[in-house]
Each structure stands twice: as C-alpha cells, then as structure tokens.
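K.L.:
Whatever this is, show me its structure:
(chains A and B)
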Protein chains: 2
Amino acid sequence: MSDPLRIAIAGLGNVGSGTAQLIQQNADLLGKRTGRTLKITSISARDKSKDRGFSTSGMNWFDDPVVMARDNDSDVLVELIGGEDGIAKEVCEEALKSGKHVVTANKALLAVNGESLVSLADSNNLILNYEAAVAGGIPIVKAIREGLAGNNINRIYGILNGTCNYILTEMRLQRRAFDDVLLEAQKLGYAEAEPSMDVDGIDTSQKLALLSSLAFGTKINFSAVYTEGIRRISLLDIDYAEELGFRIKLLGSAQRIGAGIEQRVYPCMVDQSFPIAHVDGAYNAVVVIGDFVGNTMFQGLGAGAGPTASAVVADLIDISHKRQAPTLGVTLNSLISTSEIEIGEHIGPYYVRLMVADRPGVIADITAAFRDENVSIESMIQRSRSTTEAVPVILNLHDCKESEIQRSLSKISTLNTVIEQPTMIRIETLS
Amino acid sequence: MSDPLRIAIAGLGNVGSGTAQLIQQNADLLGKRTGRTLKITSISARDKSKDRGFSTSGMNWFDDPVVMARDNDSDVLVELIGGEDGIAKEVCEEALKSGKHVVTANKALLAVNGESLVSLADSNNLILNYEAAVAGGIPIVKAIREGLAGNNINRIYGILNGTCNYILTEMRLQRRAFDDVLLEAQKLGYAEAEPSMDVDGIDTSQKLALLSSLAFGTKINFSAVYTEGIRRISLLDIDYAEELGFRIKLLGSAQRIGAGIEQRVYPCMVDQSFPIAHVDGAYNAVVVIGDFVGNTMFQGLGAGAGPTASAVVADLIDISHKRQAPTLGVTLNSLISTSEIEIGEHIGPYYVRLMVADRPGVIADITAAFRDENVSIESMIQRSRSTTEAVPVILNLHDCKESEIQRSLSKISTLNTVIEQPTMIRIETLS
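P.N.:
Numbers count the residues shown, from 1 in each chain, chains lettered A, B, ... in the order given. Coordinates of the predicted model:
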C-alpha cells in the first residue's frame, strides 16, 4: 500500500457528513479500489459538538476552514460550504495556493468563478474536481470529459434539478397545484425554505453552464444562459400536455448554433416518446449527443447526501490514483469564447393557452394576430363552451422564431376577449 | 505538445475502420483533449487493398498482426479481430509482452481469458482497456470502475445486446413473429448470418461476466452465468406481457446472494413502470445500484462502428493521459472467488402460459399441480372459449423457487388436457 491520501473536509452539512460516512463505512472497498487508505485528517464546520453519524476521532478540528486550507496536514481539500464566492472561494484558492488538490460540489462557485480557479489549479499542476457539482450521483462530468471524449458533441440537455422534477411529477400524479406541492416539498426537506435557486431555474443554469463548457470546449458563460423557472406552470397546462402526447419538464439545453452556443433553461413540453419524458421524481438525467456515439443518456439521483457523497468520493479516488483530465475537458488555452444567442432568435414549435370569452370573432382576432407575424398554427383545441366563463383555447404552433411569437402574444393580450395573460410553453425538439 | 501516442490497429472491419475515421476526422478535438497527437502508425487486416474510408498514408501495413504486436513502431495495440482465443489472444499477449498498452473490444476474449491477460498487463505495468467490450458506446466500464467507485454495488442489470432488443421491439411494434424479424434484421445487417451468439444470449453473458467482476470485485466467472436466449419468445407472450403491464426484455443481471453471485441472462417480464422497460430498438442500458448513489442508469447504442469507435478512442485518450484504474476495478490480488448460484435456487415471480383443451377439470388439475409444490397463484386469465381449439391460460405466480416451478410444470406437461409444452417466463423483480 502507498501512503494514505489525507483529506480535509470544509463543511459538514448533509453532503459533508455523507462523504465522511462513505469514507468510513466503505473503507475496505476504497482500499481495494485505490491500493491506498483514504483518511480524513481535518474537518471544519460551524458547530463542533454536533453528532454527524461518523467518528471524528483522530481528526483535527478547525474553526476556520481557510486556516485548514493552508494547513500541512492534508493532500486534498473538499469544499462543501457552498456559495458563489465568499468563504467557499477563499477556501478553494488557499488550498490550491498551498499545494492541495481540491474537490468541490459547488456549482455556483464554478459557474461564476470557475475559470480563475481552473487557472490557479493548472498553474500549480493540481487537480480541481467537481463531479458532485452537476447532477449529483451521475458521473456525467467524467462521462463527457473522458468516456465520450472522442466525440464532437452536438447537443447536451437534461433534467438537472431534482426539486423541480419532483414538483412537476407530483403536480401531474397527485393533480395538485404548484404552491401546494412546493409547500409539501419544503416540509419533506426536498425543497429549501427559500426555493428560488431551484424553482426559478438558477441552479439548473449553473449546472448547464458547466456542462456546456465541458461539452463544447468553450469558456464558462453562465450569464449567457437564458433562464425561466417553473412557478408559472399550472395543472391545466400539465393536463393539456398529457393530452397532446407531451410531458412538461424543466430542461437545461445547450447546443452549438453557428459561432454561438444557445444555452437555455425553461419548462418545456417534451414528447412522451423520448426516454427523458419518463424521468420522474427526484431523478436527474442528462442526454449527450456525439458525432460518433450518437445519443446517450445518464440517469440517477441528482441530490441528497448519498448520491452527492458518491460523486465526491469518486473525485477523491481519481486523485488518489493521480488520474487527471483537463479540468474543463480541453487544455485551458484551447477554451474558446462564444457569442450568446438571444432567446428571441430561438426557433421551435410552441404551445399557447389563451383564456377567452366565448364570443363571435374571438378566434378570428387571435388567428389574425399570429398570421400578421407569419406564425402558422398546427392545431387548435377549443372544447368547453360557456357564455359566462373564460374558456381555454389551446394552440400548437409550427416552428417559428421566438420574437415572432412574443410579438403575436403581446398583440393578443390586448384583445378584450382575451381574459388572462397568454400562457406560452416551448415545445422542445429533441433527437 | 508531448510526443504523439503511436497506435497500431489489428482488425479493420466496421469497428477498426470507424476507429481510424474518428481519429482522423476528430484529430483537432483529440489534440485539445489530450495535449498530444493520436497517430495511427501501423495497421493489419486480411485485405490490404480495400478502401475503408480513412487515409492509410504514412501507416505501416502488416499482413501478420502478431508481428505488428511485437514491432517497435507503436505504444498501444488496438485489438479488433475478435474471438475468445486464437489470433486475438496471441496479438494481445505479444503486445503486452512487448511493452505495449492494449485496447480491445473483445468481450469473448476477456470473458474466457481475461484474468491471464489482466495479470500479464499488471506484471508489465501496462494498461489493458476494454470499454468497447461492454455496451458499445456507453462508458459503463469507466462508470463502474471510476465514476461509482465509492459504492458497494448491490446489483447490476441491463439490456446488453442490441440485436435482441431490436428483435423484441420489432416483434412488439410490428406484430411479427421472431423468425420473420430475425430474417429482416439479417438483411439489414443488424443480425449476423449465424445469429446464435446474439439470440441465444451468449454475447450478453460474456458482457455480464465482465460487468459482474467489475461490480463485485470477483474473478470473472463466465461459465457460471445461467443463459437463455430469445428464440422461444412468441408474439402471444409479448401481447400478454403488455396486457399485464410488463414488457419482455433480454436482461443480464448479477447480484450478490450470500457468499455467491447470481448471474443470469434470460428474456423476462419487466414492469413498465421501470425506465429500462422503455429502452427500445438497438439501444442498450445498464442499471447500477450502489449503496450510496442509489439507482443509476446508463443508456446508449450498444453496437455499430460509431459508438464502438467512441469507446475505443476513450480508452486511447485515457492511455494518452496515463490515466489508469485497476483493470477489473480492484487490485488484482484482492479479486475474490465466488460460488455459482444454480438457477434452481432463483426466487421470484413467474408468468406461465399453458395451451389447454377447454374441458371440465382442466383448471383443477393445473392448480393442483402448483399447490403440490407450494406454488401460489397471484392471478389467472382464461378468456377465449372454444371446444375444438386449444385456449391459452395465463398464470401469474407469486414468488417461489425456480425448482418448484420446474417440478410443477413437468407434472402439468404430462396432463393430456395440456396441449403444448408450457411456456414459462420469469417476471424480474427490479428496484
């Protein structure tokens, strides 16, 4: 056996504790996989006294993780504090400057400050691993960076946030409204008290920005990701989606279009014939389409102590073997900048739901508004009839430019027969 | 840039040619991924003159791949000849003895002779990579050996043969018989003229033996895999499966039971609520269940020039980076032997279809035969009624031991009211 790999863990929440538990419970296996001992030498968290389900015997306690990052007692620092800058960033930087490899699960940090950290790691010839930052237990970073590394990737898309997928699944299966399900998810601990990072799509965009960089060899461009969350999705639209053969999923999608990369996060209609339409509950899934491999899909739990610990430990095992890949998939100097593609330029089919007064001429006005923008209608559903209440009109629109749809809808929303703001949901063209 | 990685390719069929095409077409990308040039220096095949869609300029031609394996002009030998011994084995051995890393897509060779080759590679401190040997383009070897390496794996199962999955899918969707679809698959080049390796489940068992070793840290035990193919699957059973909420898939499954590993390959009924039930056509999928990560699924094309070349080149990229994992997932000396678990010991629910004469007492005789072996019936379908023709009786049996079912069915097959040999299909309990 070689020397032990000495590990410092900064942050002992669910994931930090899960990581320590895995390292202790599966010590035998890890020995066989690596020919070494994985040894936690140092830990740091807010509360020293808390029982976290693992033995802290023989570990050095640090009140300040930055001091721990500089200490000589470890070879790798595991950053599980979170946040796009502040203490998490400082800890990672200090560790790299002190000659330590870094493993982090922090998608926000990498989405915003990834490049400077990668550059710091590279210039010190150190490993910066982040499998746990994207899609929890699914080894998707390794899959793109190594397993599919021979392919030019045409597109990557996925369900990257388990909380949103759980909410959308529950809405459909339990026939409940968004607010109801969110409240329950919060009670069960599946959603945060402040749910914005999840339900407004920000967490998904951070992950997409990383996947996009890895897949296309481009600089991380988080600010270029067009982002919408799932708050506006109603049960009515979920039901119509089913009727039309779709399912509503919050997808992150990136693809090369000309010299740019279209990076988009929004809830969309996915044809039920695609496997990703059937990925339910807290599961994540990522589809990678390569020029030689064709379509591949990777599925697993996207969050939680166990799956995230699995990813953190895989990174540690790589470090223990000194297995190293370029941090962002290609050598740092070959990363290219790309231009942002505005959402208005997006081309695809659309679902539109209008709530209208059932009066003569309504449909004529609506269809005229679409015609004026060259938007053509593939199908229309108008079923219930009432002279007093608003009735839904469901339109399935052929491929068109998003700016054209937006202009049509602005015009339609001013019609006095159209009672609510129009609902538009993109129909995602998959392959 | 470092020195080029010099590659010799033995065997230039579909996969060999696809590999060379990938290396040439994606040379730019490979340079960025590795910081090196991947350079094919030597090739060997049966027919020198054939055009294979890549430029052979500057490559050394060898009529004898064994001579090429000994030659000094390459750092890695890629073996794409095939076959469980003979020339393929000799080529790999000679390459390793001559100090070359080896990449192979040869599941038969590894299933039968894997351990001696691994030992030879290890003792020479060389890499023996075989991502393409299992599940084509899906990076499943890497996923188990590295991406999920922190987990004790409880079970692994999958659809590992695209030809069988294509045939079963076509039977269901086109409502055609096995022989018909096989013939068409042969015409389309999806099935071999001699289809036994595929349709009799042998190819799946070879792959399962490798996955099993990787997942459980056990010696490769191909001869212990219980194997049945799909020839006996009828359209009638496919239809009844649908009606009962199942889908028939040829699965390979391995799980730890006591001190042994149950390794089984057979067509079985899979509940439609599981994602693997929806993996259709030429796609493969592998489910890995780990103690920390939970359920993960990996899906992609299991064969064909492009996907297989993708896997071969991923292995080459690993070698170019000197990224190395223990060949069978754990250090060679820690591989353990396990006992075989006989199929008679298998416990699970079963589907049974009997073709009976519609006469009084038939059901009483059948149910008595099951009762005598303590097999209990969960549900029974007997719908059509005819006094002249055989009518199907479909039984869904509760969990029981396979030996008990077999004894019941032997007894039932002797009843003169039972007209055909009973059809038994295992219902696979998934998680």
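K.L.:
Following the chain onward from the lowest-mean-pLDDT helix or strand in chain A, which element is next?
P.N.:
None of the helices or strands of chain A scores lower by mean pLDDT, DSSP states H and E than strand A:339-340, at a mean of 88. Downstream of strand A:339-340, the next assigned helix or strand under DSSP states H and E is strand A:347-357.
K.L.:
residue ranges with poor pLDDT in the stretch 101-250 of chain A?
P.N.:
The model of the stretch 101-250 of chain A has no residue with pLDDT under 70.
K.L.:
and it, which of its residues are near chain B?
P.N.:
A:131, A:137-139, A:142-143, A:146-152, A:217 (Cβ under 8 Å from any Cβ of the partner chain). For every residue, glycine as well, the C-beta is placed using N, CA and C.
K.L.:
let's go with 6 Å and repeat that
P.N.:
Applying Cβ under 6 Å from any Cβ of the partner chain, one finds that the stretch 101-250 of chain A approaches chain B through A:Gly137, A:Pro139, A:Lys142, A:Ala143, A:Gly147, A:Ala149, A:Gly150, A:Asn151, A:Asn152.
K.L.:
Point out the ones among those that are inside helices.
P.N.:
Using DSSP state H, A:Lys142 are the members of those that sit in helices.
K.L.:
closest to B:Asn113 among the residues of the stretch 101-250 of chain A next to chain B?
P.N.:
A:Gly147 (25.2 Å; Cβ to Cβ).
K.L.:
Burial check on the closest one, number of neighbours?
P.N.:
Counted with other Cβ atoms under 10 Å in any protein chain shown, the neighbours of A:Gly147 add up to 32.
K.L.:
from what I can see it touches B:Ala314, true?
P.N.:
Yes. Contact criterion Cβ atoms under 6 Å: A:Gly147 and B:Ala314 qualify, at 5.4 Å.
K.L.:
what's downstream of the helix or strand encompassing A:Leu117, the next helix or strand?
P.N.:
Remark: A:Leu117 resides in helix A:107-123, with elements defined by DSSP H and E. Later in the chain than helix A:107-123, the nearest helix or strand by DSSP H and E is strand A:128-129.
K.L.:
Burial check on the spatially closest residue to A:Glu192 that is not a sequence neighbour, number of neighbours?
P.N.:
Computed as Cβ to Cβ, 6 or more residues apart in numbering or on different chains, the closest residue to A:Glu192 that is not its neighbour in sequence is A:Asp198, at 6.7 Å. Residues contacting A:Asp198 under the criterion other Cβ under 10 Å number 25.
K.L.:
Pull up the pairing partners for the least confident helix or strand of chain A, direction included.
P.N.:
Applying DSSP bridges, strand A:339-340 is found paired with strand A:260-271 (parallel).
K.L.:
Run through who's touching the partner strand.
P.N.:
Residues from elsewhere that reach strand A:260-271 (Cβ atoms under 6 Å, 6 or more residues apart in numbering or on different chains): A:201, A:204-205, A:208, A:212, A:216, A:218, A:224-228, A:230, A:233, A:241, A:246-255, A:277, A:338-339, A:341, A:351, A:425-428.
K.L.:
now the angle between strand A:347-357 and that strand, please.
P.N.:
For strand A:260-271 against strand A:347-357, the angle by axes from the mean of the first three to the mean of the last three Cα atoms, to 10 degrees is 50 degrees.
K.L.:
Okay, buried residues for strand A:260-271 please.
P.N.:
Using 16 or more other Cβ atoms under 10 Å in any protein chain shown as the test for burial, strand A:260-271 gives A:Gly260, A:Ile261, A:Glu262, A:Gln263, A:Arg264, A:Val265, A:Tyr266, A:Pro267, A:Cys268, A:Met269, A:Val270.
K.L.:
of all those, which comes closest to A:Leu29?
P.N.:
Of all the buried residues of strand A:260-271, A:Leu29 sits closest to A:Val265, with 36.7 Å by Cβ to Cβ.
K.L.:
quick revisit: for ChimeraX, write the selection for the buried entries among the contacts of strand A:260-271.
P.N.:
Here is the ChimeraX selection string for the buried members of the contacts of strand A:260-271, based on 16+ other Cβ under 10 Å:
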select /A:201,204,205,208,212,216,218,224,225,226,227,228,230,233,241,246,247,248,249,250,251,252,253,254,255,277,338,341,351,425,426,427,428
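K.L.:
which SSE is A:Asp47 in?
P.N.:
Using DSSP H and E, A:Asp47 sits in no helix or strand.
K.L.:
The contacts of strand A:260-271 in strands, which ones?
P.N.:
Judged by DSSP state E, strands contain the following of these: A:226-227, A:246-255, A:339, A:351, A:425-427.
K.L.:
Who are the contact partners of the nearest residue to A:Ile257 once chain neighbours are set aside?
P.N.:
Leaving aside its sequence neighbours, A:Ile257 sits nearest to A:Ile341 (Cβ to Cβ, 6+ apart; 5.6 Å). With contact set as Cβ under 6 Å, 6+ apart, A:Ile341 has these partners: A:Ile257, A:Gly260, A:Glu262.
K.L.:
And for A:Asp75?
P.N.:
Applying Cβ under 6 Å, 6+ apart, the residues near A:Asp75 are A:Leu5, A:Arg6.
K.L.:
domain ranges for chain A?
P.N.:
Domain segmentation of chain A under automatic domain parsing yields A:5-133, A:140-301, A:345-427.
K.L.:
Return the most buried member of those.
P.N.:
domain A:140-301 (a mean of 21; mean count of other Cβ atoms under 10 Å in any protein chain shown).
K.L.:
Just give me how far that domain sits from the chain centre.
P.N.:
Centroid separation between domain A:140-301 and its chain, computed with Cα atoms, centre = their mean, to the nearest Å, is 6 Å.
K.L.:
and it, how far apart are its ends?
P.N.:
Using Cα to Cα, to the nearest Å, the end-to-end distance of domain A:140-301 comes to 12 Å.
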